[in-house]
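A.B. asks: Okay, structure incoming, though there's no sequence with it:
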């Protein structure tokens, strides 16, 4: 499974890398949503894990950009402390499995990733 994680906080990305290292994932880490979006021009991913609040382009804007380009993978996880706001914004799923995991609940994060891998 090819996964891209997008977060402007390098510490969050490093924890993700450590937690997911034994999950048999092809994991790419990106601290810039514009760079992450550009990755979709040459690569396909099965899952995006994205923060919501990032400078320049937030996670929802990244989602919308990829959706407009028809490059959105089937599954998208928002790993954020703004779950309440995001759930209201995504009442309609847009044909994508959108999951929300509250930052920094690493146990729930890992449980969600494991559930996706098993399916």
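C.D. replies: Right, received. Where do you want to start? Keep in mind it's a predicted model, so treat the numbers as computed, not measured.
A.B. asks: in the longest helix along the chain, what counts as buried?
C.D. replies: The residue-count maximum for a helix in the chain (DSSP state H) belongs to helix 106-118. The neighbour-count check on helix 106-118 (16 or more other Cβ atoms under 10 Å) flags 109, 112-113, 116 as buried. (Each C-beta comes from the backbone N, C-alpha and C, glycine too.)
A.B. asks: what mean pLDDT would you report for it?
C.D. replies: Average pLDDT, helix 106-118: 88.
A.B. asks: Assign the residue positioned nearest the centre of the chain to helix, strand or coil.
C.D. replies: By Cα atoms, centre = their mean, the chain has its centre lying nearest to residue 49, at 1.4 Å. Judged by DSSP: H, G, I helix; E, B strand; the rest coil, the three-state class of residue 49 is strand.
A.B. asks: Bridged to it, which residues?
C.D. replies: With DSSP bridges as the criterion, residue 49 is bridged to residue 5, residue 77.
A.B. asks: Model confidence for it, exactly?
C.D. replies: 96.
A.B. asks: can you list the weak-confidence ranges in the protein?
C.D. replies: 82-96 (pLDDT under 70).
A.B. asks: Please, where are all the helices along it?
C.D. replies: Using DSSP H, helices in the chain cover 10-20, 33-39, 59-68, 83-89, 106-118.
A.B. asks: quick one: the longest one to helix 10-20, angle?
C.D. replies: Counting by axes from the mean of the first three to the mean of the last three Cα atoms, to 10 degrees, helix 106-118 lies at 50 degrees to helix 10-20.
A.B. asks: same deal with the third one?
C.D. replies: For helix 59-68 and helix 10-20, the angle between their directions (the same axes, to 10 degrees) works out to 60 degrees.
A.B. asks: Now residue 32: closest residue in space that isn't a chain neighbour?
C.D. replies: Nearest in space to residue 32, with sequence neighbours left out and distances taken as Cβ to Cβ, 6 or more residues apart in numbering, is residue 8 at 7.3 Å.
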